[in-house]
Structures are given as structure tokens and as C-alpha cells.
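>>> just coords:
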């Protein structure tokens with residue numbers, strides 16, 4: 001039996017790092033089907049993906065041009081959903097704003113046992129978004145291995 005039905009990447013505004021992570025993971029092979037999405041903790045109204053984030057995705061053969069930011073809501077938390085925040089500060093915001101067991105919210109880099117967090121490219125140059133993408137690619141490749149191993153163990 002599979003462990004998770006859904007995975008949500010949580011970032012601040014859901015316009016750059018979260019959607020890039022979503023696109024990267026959707027392009028990978030998972031042993032079990034998993035609904036993959038991204039959401040934000042500071043989403044006042046729907047916004048499209050950041051143009052620099054989209055440019056980096058396109059240059060890597062991916063796209064999220066139809067993506068609109070979506071707020072994280074209490075109903076997103078259940079036993080069958082893996083919640084991965086992009087940074088510890090986002091994890092802390094989730095814990096402080098939602099009725100959720102903090103042991104069920106993970107930071108992407110910690111979940112895959114990597115010592116560094118994904119950089120925040122917000123306000124930076126295109127190269128910063130490219131570096132963020134490269135970091136996400138490394139972490140999500142490890143995530144895919146881990147999720148597939150977990151499925152084999154269940």
C-alpha cells in the first residue's frame with residue numbers, strides 16, 4: 001500500500017520556488033502515482049508564476065505557464081499528504097498558522113538528509129533563479145529515490 005496520495009511543496013508566495021519544485025518532480029519517474037502540487041503561505045490572490053522562474057523552467061524543458069498561486073489551507077493536512085516546505089522559515093510559518101502536528105511538516109532538504117536549504121531567488125537576477133532550479137534538481141532527485149524506496153518498503 002502506498003504511503004502518500006499527494007505531495008504539496010509549500011513556499012511563501014507560490015510563484016517561484018514551489019512551482020519550480022512541482023514541475024521538476026512531475027518530470028521524474030515515481031513508482032506510485034502521486035498528486036503533486038505547490039501552495040503558498042502568503043497568497044492574497046492568484047498570481048502567475050514569476051517570469052524568471054518560468055524562463056528557467058523553459059530552458060530546462062519544463063513549463064508552469066498555466067500555474068496560478070494557491071494558498072495552503074487547513075484542509076490540505078491529512079495523513080495521506082506529504083507536506084514539504086522549501087525552507088525552515090516557511091515550515092515555522094505553517095506550524096504557527098495552522099492546526100497541525102509539527103512532526104508532519106518537513107523541510108525538503110531535511111527530508112532528504114541534505115545539510116543546505118534551497119536559496120530564495122526572490123528579487124534576484126535570472127541567474128539566481130537558475131541556481132535555485134539547480135539546487136531543487138539535486139534535492140528532488142534525492143526525493144524521488146527516497147519516495148520510491150519508501151514505496152518498495154511498504
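Sure, I can see it. Note that this is a predicted model, so its numbers are computed, not measured.
>>> Quick one: mean pLDDT for stretch 106-125?
Across stretch 106-125, pLDDT averages out at 96.
>>> contact partners of that stretch?
9, 12-13, 16-17, 21, 52-53, 82-88, 90-91, 128-129, 131-132, 135-136, 138-140, 142-143, 146 (C-beta atoms under 8 Å, 6 or more residues apart in numbering). Backbone N, C-alpha and C define where each C-beta goes, glycine included.
>>> List the buried residues for it?
Neighbour-count burial for stretch 106-125, counted by 16 or more other C-beta atoms under 10 Å, picks out 106-109, 111-112, 114, 117-122.
>>> Stretch 68-76 too?
Applying a neighbour-count criterion of 16+ other C-beta under 10 Å, one finds 69, 70, 72, 76 buried in stretch 68-76.
>>> For that stretch, what is the distance to the chain centroid?
How far stretch 68-76 lies from its chain's middle: 13 Å, per C-alpha atoms, centre = their mean, to the nearest Å.
>>> And stretch 99-119, by the same measure?
The mean C-alpha position of stretch 99-119 is separated from the chain mean by 11 Å, C-alpha atoms, centre = their mean.
>>> Do me a favour and get the end-to-end distance for it?
Using C-alpha to C-alpha, to the nearest Å, one end of stretch 99-119 lies 27 Å from the other.
>>> again with stretch 87-104
15 Å.
>>> Not counting it itself, show me its contacts.
Here stretch 87-104 makes contact (C-beta under 8 Å, 6+ apart) with 10-12, 41, 72, 74, 77, 83, 85, 105-107, 110, 117-118, 120.
>>> lowest-pLDDT helix or strand in the chain?
Least confident helix or strand, the chain: helix 126-153 with a mean of 94, by mean pLDDT, DSSP states H and E.
>>> Return the set of buried residues in that one.
Within helix 126-153, the residues that qualify as buried are 128-133, 135-137, 139-140, 142-144, 147, 151, counting by 16+ other C-beta under 10 Å.
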